[in-house]
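Colleague: Compute the structure for the input listed below.
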Amino acid sequence: MAFESKYADNAGKSIGLSFIKAYNVWHRRIKSKLSDLGLTHPQFVVLASLGYLEKHQEEVRQIDIANNADIDVMTCSTIVRNLEKLALVYRCTSKQDTRAKVLSITDEGNQILSQALTLVEGVDTAFFSVLDGDQAVLNQLLKKLIAKGK
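Modeller: As a prediction, this is how the structure comes out:
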C-alpha cells in the first residue's frame, strides 16, 4: 500500500471526513432550494453579504463583500459580474472617491434575496435542528476554528 492513514481501520473517526460529509449534505439542500430561484450558492453568499453590508455602511465595495464572505477577490468579481448581468446588483461611482465603484442591490435583487434568505434559513433550521441545544455550542466551536484560521 502506498499510503497509510491513521483512520485506515475506521474512517468514521476522521473529524475532517465527518465535517465534509455534513457540509456536503447541507450544501446539497441549499443548492437545491436556491436553484428554484435561479441562484447558485456563491451568488447567494455575495448577494446576502452585500445586503448585510448595505445596512451597516454607507458604501459597499467589492473588497468589502469579499472580506465579509471570506472569499477570493477575483472570485467575488466574477460572481458580481454575473449578478450584474442578472440585474440583481449594479455598480455606481463612489460619492467618497470618484475613482472607486460601489455596489448596490436592485429592487429585483432585494426581492430575490428576501426569498433566498427564507429558503436558506429554512434549510439551516431543519438541518441543524437535530442538534437541539447543541446548536449554539457548534456555532461557537465553528467560530473558534474560523478565528484560528485567519
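Colleague: Count the neighbours of R91 for me.
Modeller: As a burial measure, R91 scores 15 neighbours (other C-beta atoms under 10 Å). Every residue, glycine included, has its C-beta placed from N, CA and C.
Colleague: Look up the pLDDT of the residue lying closest to Y52 once chain neighbours are set aside for me, please.
Modeller: The spatial neighbour of Y52 that comes closest, neighbours along the chain excluded (C-beta to C-beta, 6 or more residues apart in numbering), is N68 at 6.9 Å. We note a pLDDT of 95 for N68 in this prediction.
Colleague: Using PDB, write out every CA atom in whichever strand or helix holds N68.
Modeller: Assessed by DSSP states H and E, N68 sits inside helix 62-69. What follows is helix 62-69, C-alpha atoms only, in PDB (Å, rounded to 0.1, in the frame of the first residue of the first chain):
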ATOM      1  CA  GLN A  62     -16.300  44.600  -3.900                       C
ATOM      2  CA  ILE A  63     -13.400  44.100  -1.400                       C
ATOM      3  CA  ASP A  64     -15.900  44.600   1.500                       C
ATOM      4  CA  ILE A  65     -18.000  41.800   0.200                       C
ATOM      5  CA  ALA A  66     -15.000  39.500  -0.400                       C
ATOM      6  CA  ASN A  67     -13.800  40.200   3.200                       C
ATOM      7  CA  ASN A  68     -17.300  39.700   4.700                       C
ATOM      8  CA  ALA A  69     -17.900  36.500   2.800                       C
END
